[in-house]
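**Q** Sequence plus predicted model, see below.
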Amino acid sequence: MGHANVEFGILLKTQREARRVSQSKLAERAEFDHSYVSRLESGSRMPTREAVERLARALALSHAEEDALLAAAGFLPRDVSNLLSDEPVIGEVLDLLQNDAVPAEYRDNMRQVLRLLAAQARLALGGRSAATFTGVAA
């Protein structure tokens, strides 16, 4: 769990310092307590997705920089999230698979179930194109 926290903290600090913004100024712009930014950068806290987005706005990050920050915090980048917006359960599954708070055995079970579902879908297709099934709800 600690590795992701440190990676995110280092990236946030790098992006903040590249813009010559102090921790307290960033906290003020993102409407956070100064100590929260400090704890994020030290790796002692992990942000929520909303917190990452607020920090990205406060630093005026590019989409690519924001995506890198989201990924470092263990979240899907914006582009992938946009693709999944009409499949919320898939986004939730991907978030859970990336969440270190979920025991590894549960995440492994989820991956096995997903592999089984994909294999069953391929069997069901039996050589026909996937387009045949576009009308079927997932």
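**A** Nice, thanks for sending it over.

**Q** make it CA atoms for all contacts and neighbour counts henceforth
**A** Fine.

**Q** Domain boundaries for the chain, per the record?
**A** 2-75, 82-133 (automatic domain parsing).

**Q** now the helices: where do they sit in this structure?
**A** Using DSSP state H, the helices assigned to the chain run over residues 2-18, 23-30, 34-42, 49-59, 63-72, 78-83, 88-97, 104-125.

**Q** Turn these into TSV, columns for mean pLDDT.
**A** TSV is the format used below for the helices of the chain (pLDDT from 0 to 100):
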stretch	mean pLDDT
helix 2-18	87
helix 23-30	97
helix 34-42	95
helix 49-59	96
helix 63-72	89
helix 78-83	69
helix 88-97	84
helix 104-125	87
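
**Q** Export these as TSV, with columns for mean neighbour count.
**A** Compiled in TSV, the helices of the chain are given as follows (neighbours: other Cα atoms under 10 Å):
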stretch	mean neighbour count
helix 2-18	18
helix 23-30	17
helix 34-42	18
helix 49-59	18
helix 63-72	19
helix 78-83	13
helix 88-97	15
helix 104-125	13
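
**Q** Spell out for me which residue occupies the centre of this protein.
**A** Per Cα atoms, centre = their mean, the C-alpha nearest to the average position across the chain is that of residue 75, at 0.6 Å.

**Q** surely it meets residue 96?
**A** No. Applying Cα atoms under 8 Å as the test, residue 75 and residue 96 come out as separate, 9.8 Å apart.

**Q** Surely residue 95 is in contact with residue 75?
**A** Yes. A contact is recorded between residue 95 and residue 75 when judged using Cα under 8 Å, the distance being 6.5 Å.

**Q** Ramachandran angles for the residue nearest to the centre of the chain?
**A** Recorded main-chain torsions at residue 75 are phi -110, psi 160, according to degrees, to the nearest 10.
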